[in-house]
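Chemist: Fold the following for me, if possible:
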Amino acid sequence: MELLSLIKEQFTPNIISKISTFLDESDRNTSLAIDTALPTVLGGVMQKASTTQGLTDLLSIIRTGGYDGTLINNLNIVLSEIYSTITLASIGNGLLGSLFGEGLGDIFNVISKSSGITKTSASTLLGLVTPILVNVIGKHVIQQGITSSDLGSLMASQKESVLTALPAGIDKLINLDKLDDFKGKKRLSSNVSFENNNSKLTTWLPWLLLGGILLGALYYWKSCRNQENIQISSKLIIESNDSTQIDVVSSIKKTLSTGVMLNFGEQSIENELINFIEDQSKLVDKTTWFNFRALRFETGSALIDSTSMQEVTNIAEILKAFPNVELKIGGYTDNVGKEELNQKLSADRAFNVVKALVEQGIDSNRVVAEGYGSKYPVAANDTEEGRAQNRRIAVRVTKK
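Modeler: Have a look, this model is predicted:
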């Protein structure tokens, strides 16, 4: 069985057209990007399957994440609505971080250059195709009752076809040399027992599909000639049979003056920052700060978690679109530990955010960093929740 061919079958002309409309790219370039993205993501999955732990993790993701093929059976519905399409891309980007880590930026560049779509579109496209690809694999896993050894054998059998399909440049970013160590069994066992149906109801996929159906024709997105940003409804709340609620946050699609399109939440730092910059009545001061929501650092370290760079990347794009804007990046900690260590950690983290912005093409004279340690808490430090709020990175506009 050749997985790559099975995966490509899901991307019919109709599906490609829906994706290209969402990305605001041509069908031709989108199709070229998909042809590049599919062997790339499959190669990333295979690379993860080259270790025993990776195989175990991959199988766990498939079994507990709802990757049973339901998505590919309802793909047309999901991609018909911008709200569920954004959700799907967000889920896929989470998976991509675990597959490629720090190499994601290079992969976005290769796909962008080889297909003609923008780097931002390449990032979104990879987020969209990844859950679809994993669902194709997951459907086979669940129908055949695959074990981790069987999965390793399946991945190893795809090596030749994937290496042949990988575009120039990507082959240097993915290592499939160890796949031959996992030959596994030829015959798969019969049905595998899974957790009860109630546990499946708590996974993301049923909510994604239900959200797409409920939205119906409410939020059909169309690219406007003036490229205005489009705000997608208010919060959608879906209730399950066990009264669990899942909140889906409003999303915004914004095309900047540079032509780069960004997707972000209504309550995001990106939206707050853009609104402040564009509103001429809002003057620069020393008290208006905007907090990062999803920026994470390695525990006890100033190193940015490579899977949480999206906000930094988006702010770099915003700075490129508003060349007169200058920022200060502030680092903060809770009050646990020695203050001098907290001060250093907060400063180092703020500096690393500045460094990441400079690496993405921002003039170093436009961004400065300062660490404040445990000063200026936004919540009480006597609870873990409060301490978590105080450990933050924030942005202040110093010139616009």
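
Chemist: got the contact list for the residue lying closest to residue 148 once chain neighbours are set aside?
Modeler: Distances taken as Cβ to Cβ, 6 or more residues apart in numbering put residue 55 closest to residue 148, at 4.4 Å, once the chain neighbours are dropped. Just so you know, the C-beta spots here come from the backbone N, C-alpha and C atoms, and that holds for glycine as well. Shown in contact with residue 55 (Cβ atoms under 8 Å, 6 or more residues apart in numbering): 48-49, 148-149, 151-152, 182.

Chemist: Residue 344 now?
Modeler: residue 371.

Chemist: go again using 10 Å as the cut-off
Modeler: For residue 344, the contacting residues are 302, 331, 333, 338, 371, 373, by Cβ atoms under 10 Å, 6 or more residues apart in numbering.

Chemist: So which elements touch the helix or strand containing residue 21?
Modeler: Taking DSSP states H and E as the criterion, residue 21 maps to helix 13-23. For helix 13-23, the elements it packs on are helix 27-48, helix 75-78, helix 82-100, helix 119-144, strand 261-265, judged by 3 or more Cβ pairs under 10 Å, 6 or more residues apart in numbering; DSSP states H and E.

Chemist: Now do the buried residues in that helix.
Modeler: Residues of helix 13-23 classed as buried: 15-16, 18-23 (neighbour count, 16 or more other Cβ atoms under 10 Å).

Chemist: Nearest to residue 268 among these?
Modeler: Each of these was scored against residue 268 by Cβ to Cβ, and residue 22 proved nearest at 19.0 Å.

Chemist: dump the residue contacts of the closest one.
Modeler: Residue 22 is in contact with 30, 79, 81-82, 85-86, 88-89, 121, 124-125, 128, 221, 223, 253, 261, 263, counting by Cβ under 10 Å, 6+ apart.

Chemist: So among those residues, which ones count as buried?
Modeler: Of these, these count as buried by 16+ other Cβ under 10 Å: 30, 79, 81-82, 85-86, 88-89, 121, 124-125, 128, 221, 253, 261, 263.

Chemist: So residue 317 sits against residue 120, correct?
Modeler: Yes - counting by Cβ atoms under 10 Å, residue 317 does reach residue 120; the two are 7.3 Å apart.

Chemist: will you turn the helices and strands packed on helix 13-23 into CSV that also has distance to residue 366 and mean pLDDT?
Modeler: Shown next, in CSV, are the helices and strands packed on helix 13-23 (distance: least, Cβ to Cβ, whole Å; pLDDT from 0 to 100):
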stretch, distance to residue 366, mean pLDDT
helix 27-48, 32, 91
helix 75-78, 40, 87
helix 82-100, 27, 77
helix 119-144, 21, 89
strand 261-265, 19, 86
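
Chemist: In terms of helices and strands, where is the closest residue in space to residue 141 that isn't next to it in sequence?
Modeler: Nearest residue to residue 141, sequence neighbours excluded (Cβ to Cβ, 6+ apart): residue 62, at 5.2 Å. Using DSSP H and E, residue 62 sits within helix 52-64.

Chemist: Residue 328 too?
Modeler: strand 326-332.

Chemist: For that strand, name the packing helices and strands.
Modeler: Counting by 3+ Cβ pairs under 10 Å, 6+ apart, strand 326-332 packs on strand 290-291, helix 310-321, helix 339-359, strand 367-371, strand 392-399.

Chemist: Grab the CA positions of that strand and hand them over as CSV.
Modeler: Provided in CSV are the C-alpha atoms of strand 326-332 (Å, rounded to 0.1, in the frame of the first residue of the first chain):
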residue,chain,number,x,y,z
GLU,A,326,9.1,50.8,17.3
LEU,A,327,8.6,48.5,20.3
LYS,A,328,9.8,47.7,23.7
ILE,A,329,9.7,44.0,24.8
GLY,A,330,9.2,43.6,28.5
GLY,A,331,10.0,40.4,30.4
TYR,A,332,8.3,39.5,33.8
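
Chemist: Check which strands are paired with that strand and give the direction for each one.
Modeler: Note on strand 326-332: by DSSP bridges, its sheet partners are strand 367-371 (parallel), strand 392-399 (antiparallel).

Chemist: Counting by contacts, list what the helix or strand just after the shortest one packs against.
Modeler: Translated: strand 367-371. Helices and strands here follow DSSP H and E; after strand 367-371, the next one along the chain is helix 384-390. Packing contacts for helix 384-390, counted by 3+ Cβ pairs under 10 Å, 6+ apart, involve no helix or strand.

Chemist: From the chain's centroid, how far away is helix 384-390?
Modeler: Taking Cα atoms, centre = their mean, to the nearest Å, the mean C-alpha location of helix 384-390 is offset from the chain mean by 25 Å.

Chemist: Relative to residue 357, which of the contacts of residue 55 is nearest.
Modeler: Closest to residue 357 out of the contacts of residue 55 is residue 48 (29.9 Å), distances taken as Cβ to Cβ.

Chemist: How many neighbouring residues does the closest one have?
Modeler: 18 (other Cβ atoms under 10 Å).

Chemist: That one: what's it in contact with?
Modeler: Residue 48 makes contact with 54-55, 57-58, 61, 98-100, 155 under the criterion Cβ under 10 Å, 6+ apart.
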